[in-house]
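1. No letters, just coordinates:
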């Protein structure tokens, strides 16, 4: 229950008056791997689609047709950027012993990986169309 509460509180930053800008790249497998049954998956993909329709949220999917990519090697990560240029970017690498990294070389390497992933993903509109089709399939 505590983890659920933390996640719901964390999601609130997406709907506040000055919401955070989010750019996310997902592997198609994350949308197609059945977890919890088709009803749960339909709801989850539908929620992602709702979020992707918000002007401050960009969601892109790397399709299976793109083949192997660096994201499969490094796993989930987040680059946090702050409005004040004096604040350094911070890298969060899921599963890492020290998940928060602010060493410039590491942040830069992951930022380049993210740029590569975005360039090889479906367009924003292509992603939305794919997710709409998936919701219908489910």
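-> Right, received. Where do you want to start? All figures in this text were calculated on a predicted structure; none of them were measured in a lab.
2. In the chain, which helix is the longest?
-> helix 104-120 (DSSP state H).
3. Give me the buried positions along the next helix-or-strand element following that helix.
-> Using DSSP states H and E, the helix or strand that follows helix 104-120 towards the C-terminus is helix 124-137. With burial defined by 16 or more other C-beta atoms under 10 Å, the residues of helix 124-137 counted as buried are 127, 128, 130, 131, 134, 135. C-beta: built from backbone N, CA, C; applies to glycine.
4. can you check stretch 76-95 too?
-> For stretch 76-95, by 16+ other C-beta under 10 Å, it's 77, 79, 89, 91, 93.
5. could you dump the residues you listed to JSON lines with distance to residue 38?
-> Converted to JSON lines, those look like this (distance: C-beta to C-beta, whole Å):
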{"residue": "77", "distance to residue 38": "29"}
{"residue": "79", "distance to residue 38": "33"}
{"residue": "89", "distance to residue 38": "39"}
{"residue": "91", "distance to residue 38": "35"}
{"residue": "93", "distance to residue 38": "32"}
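6. ok, which pair from those is furthest apart?
-> Across these, no pair lies farther apart than 89 and 93, at 13.1 Å, counting by C-beta to C-beta.
7. so where does the residue of the chain positioned farthest from its centre fall, helix or strand?
-> Distance from the C-alpha centroid of the chain peaks at residue 86, with 25.3 Å (C-alpha atoms, centre = their mean). For residue 86, there is no helix or strand it lies in under DSSP H and E.
8. Lovely, talk soon.
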